[in-house]
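J.: could you work out the structure for the sequence below:
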Amino acid sequence: MTLKDQIQIVPANAEAAFIPPPEPSKKPKAEEAGPTLEEALARNEQLAEKLEELDAVLAKPLSEILADREKAEETALAWDRFGAMWMLSQRAMRRVALDLAAQLGVSEEEVVARAMANANAVLNGADEVDLGGTVAPAQLQHIARHRNFLRKQFR
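T.: Residues are numbered from 1 along each chain as shown. Purely as a prediction, here's the structure:
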């Protein structure tokens, strides 16, 4: 049953009579018939696995559960701080690039276009230069592991 079947919209005309909603048909539709036996068994297996996972968590002592939560919070905070540090460095380097470009008479659009071209060159493996030791091979490998995600960001 859809929301439209449950709500009666009364017209603004005061003389309009109330029209009761149509009676639901007694025949079940194919989509209302419910899941097949295979679907129900698969769902049952999924729920049983989740129940086992929850039982495993609840079987731990409370102190261990809280310790795991504290570790997760510490990790999340560390990643949040890393993200803030990364954003700060990106903004600072962008400012330096734009200041130097302005001194050379290069527009902001040209700087952005060159940055995008360089990012795409790295993503496509065309630029494997270590920039005088400032980009370690491990960093290029890390970029390569996330290449598909990063390509979406630089389109």
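
J.: show me where pLDDT drops low in this protein?
T.: Along the chain, the model assigns pLDDT under 70 to residues 1-22, 24-32, 126-136, 153-155.

J.: which SSE is the spatially most central residue of it in?
T.: Nearest to the mean C-alpha position of the chain, by C-alpha atoms, centre = their mean, lies residue 149 at 10.8 Å. Secondary structure assignment for residue 149, by DSSP states H and E: helix 147-153.

J.: and residue 125, by the same measure?
T.: Using DSSP H and E, residue 125 falls outside every helix and strand.

J.: relative to residue 113, how far out is it?
T.: Distance, residue 125 to residue 113, by C-beta to C-beta, to the nearest Å: 21 Å. All C-beta atoms are positioned from the backbone trio N, CA, C, and that covers glycine.

J.: before we move on, what about residue 57?
T.: 51 Å.

J.: re the thing from before, what lies in contact with the helix holding residue 149?
T.: Under the contact criterion C-beta atoms under 8 Å, 6 or more residues apart in numbering, helix 147-153 has outside partners 119, 123, 143.

J.: let's see 10 Å
T.: If you take C-beta atoms under 10 Å, 6 or more residues apart in numbering as the criterion, helix 147-153 is touched by 119-120, 122-125, 143-144, 146.

J.: now tabulate those in CSV and tack on neighbour count and distance to residue 92.
T.: CSV is the format used below for those (neighbours: other C-beta atoms under 10 Å; distance: C-beta to C-beta, whole Å):
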residue, neighbour count, distance to residue 92
119, 16, 18
120, 15, 23
122, 19, 20
123, 18, 23
124, 10, 27
125, 11, 28
143, 15, 20
144, 12, 26
146, 11, 23
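
J.: any idea which of the residues you listed is closest to residue 53?
T.: Nearest to residue 53 out of those is residue 146 (C-beta to C-beta; 28.2 Å).

J.: and the closest one, how far is that from residue 137?
T.: Taking C-beta to C-beta, one finds residue 146 at 16 Å from residue 137.

J.: got it, and residue 43?
T.: Distance of residue 43 to residue 137, given as C-beta to C-beta: 47 Å.
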